[in-house]
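> Below: sequence and its predicted model.
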Amino acid sequence: MRQGFGQRTQKPVQFVLGGGTYEELARWRDTLIDHVRENNPRLMALESNYNETQPQLRVEIDYERAASLGVTVMEIGRTLEVLLGGRNVTRYVDDGEEYDVILEGDRGSQNSPRALDNIQVRSARTGELIPLASLVTLSDFAGASTLNRFDRIRAITIEANLADGYPLGEALTYLEEAAAELLPEEAQTNVAGASRDFRQASGATAFLLILGALVVFLVLAAQFESLIHPLVIMLTVPLAMSGALLALLLSGQSLNIYSQVGLVLLIGLAAKNGILIVEFANQLRDEGQAFRTALIEASVTRLRPILMTAVTTMAGAIPLIISTGPGAESRLVIGTVIMAGVGSATLFTLFVVPVAYDLLARHTGSPGAVKRQLEEEIANAPSD
């Protein structure tokens with residue numbers, strides 16, 4: 001989306017390189033970026049947050065000459081700090097207010113690097129002033145304006161855009177494999193920004209689906225007062241999700257936040273068909289019918305309601321799929337998951353649930369067996 005003035009749109013790929021020195025990180029960055037540009041054109045507009053465009057001046061001290069003249073490195077550093085930067089030397093109080101006293105050089109005489117030629121340092125041995133130019137060597141170089149860290153280590157972040165249809169997860173996997181192949185073992189990799197959010201959301205998908213299935217299972221177990229019957233019903237959930245994921249794959253869509261919402265909805269929609277068969281079979285068994293007879297009659301009788309509810313649910317997802325305009329991509333993903341998932345769940349329910357009920361629930365008593373047994377014992381009990 002378009003951003004307001006003064007805001008920077010963050011690129012989806014945020015790949016972090018961590019290591020010892022920024023010079024080493026810059027070499028690793030160049031190696032990785034050159035490799036990606038040559039081999040993966042789907043990663044576009046590659047750049048990093050470490051750009052050596054800031055003109056800087058390097059001061060290299062001649063330690064032997066400084067030592068022979070009695071000038072310490074600390075003295076040179078403090079002199080440069082005071083004259084070129086500024087140093088807080090003391091404070092004073094005036095009318096109850098404290099003020100910092102900052103000692104600094106004349107800014108008007110620091111317009112060029114040649115201003116260092118006019119700086120002098122005092123020798124600790126003789127007390128004489130010695131020109132700084134005789135103790136240091138100046139060299140120009142381009143450095144980064146900011147030095148970034150990630151997880152408390154020196155880091156450079158490589159940013160990139162994605163070509164149309166290129167999943168973010170696949171791009172991050174490619175970068176990790178390329179870094180493991182090209183960079184030394186001491187190189188550390190991580191993700192940040194939108195890539196970090198994607199990884200965290202992807203890791204939570206499995207937990208979310210398992211938690212949703214567990215909640216549905218516990219609710220069914222409380223209603224059926226059994227663990228076998230809810231297990232038979234929940235067998236259709238993974239089959240329905242397989243159909244939804246296959247539809248996403250065939251349609252070229254990705255597993256994103258919208259498809260995850262659809263999968264969570266699919267847990268309840270898939271369990272609905274199994275409930276119709278299992279509940280009616282239990283009711284027929286409570287009426288005294290044989291196990292196999294009750295199961296066959298329940299499957300045949302509930303066929304029409306299952307098909308009707310499946311068709312209406314799938315029809316309700318059609319507007320999500322064919323809609324256009326803003327947000328159509330997100331609606332398309334949810335509609336695809338619901339339609340394909342409900343369709344596959346309905347198909348598998350007609351076959352899987354009766355077979356699983358016949359195999360797993362054969363040796364379980366009917367839900368009303370205990371009630372009937374108590375009623376018979378009460379009726380046959382001798383009266384006082």
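Thanks, I have the structure now.
> List the backbone torsions phi and psi for residue 105.
phi -80, psi 170 (degrees, to the nearest 10).
> Residue 15 too?
The phi/psi pair for residue 15 (degrees, to the nearest 10) is phi -110, psi 120.
> what's near enough to touch the spatially closest residue to residue 123 that is not a sequence neighbour?
Spatially, and ignoring its direct neighbours in sequence, residue 123 is nearest to residue 70 (4.2 Å; C-beta to C-beta, 6 or more residues apart in numbering). C-beta: built from backbone N, CA, C; applies to glycine. By C-beta atoms under 8 Å, 6 or more residues apart in numbering, the contact set of residue 70 is 123, 124, 125, 126.
> Relative to residue 142, which of the residues you listed is nearest.
Closest approach between those and residue 142, by C-beta to C-beta: residue 123, at 34.4 Å.
> From what I see, residue 272 and residue 312 are in contact.
No - applying C-beta atoms under 8 Å, one finds residue 272 not in contact with residue 312, separated by 11.7 Å.
> Just want to know which of those two has more residues nearby.
residue 272 (18 against 10; other C-beta atoms under 10 Å).
> List the buried residues in the helix or strand containing that one.
Element membership for residue 272, per DSSP states H and E: helix 257-286. Judged by neighbour count (16 or more other C-beta atoms under 10 Å), helix 257-286 contains these buried residues: 258-260, 262-267, 269-282, 284-285.
> cool, stretch 21-35 as well?
22, 24, 25, 26, 28, 29, 32, 33, 35.
> Those residues in helices, which ones?
Counting by DSSP state H, those place 22, 24, 25, 26, 28, 29, 32, 33, 35 in helices.
> picking that back up, tell me the first helix or strand C-terminal of the helix holding residue 272.
Assigned by DSSP H and E, the successor of helix 257-286 is helix 291-301.
> before we move on, which element is residue 44 in?
According to DSSP H and E, residue 44 maps onto strand 43-48.
> Including distance to residue 85 and pLDDT, could the buried residues of stretch 21-35 go into a markdown table?
Converted to a markdown table, the buried residues of stretch 21-35 look like this (distance: C-beta to C-beta, whole Å; pLDDT from 0 to 100):
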| residue | distance to residue 85 | pLDDT |
| --- | --- | --- |
| 22 | 21 | 86 |
| 24 | 28 | 89 |
| 25 | 26 | 89 |
| 26 | 26 | 88 |
| 28 | 32 | 90 |
| 29 | 30 | 89 |
| 32 | 36 | 92 |
| 33 | 34 | 91 |
| 35 | 41 | 91 |
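> Distance to residue 103 added to those residues, as CSV?
What follows is those, written out as CSV (distance: C-beta to C-beta, whole Å):
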residue, distance to residue 103
22, 31
24, 37
25, 36
26, 36
28, 41
29, 40
32, 46
33, 45
35, 51
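> What sits closest to residue 145 if chain neighbours are left out?
Excluding the flanking residues, the one nearest residue 145 by C-beta to C-beta, 6+ apart is residue 54, at 4.3 Å.
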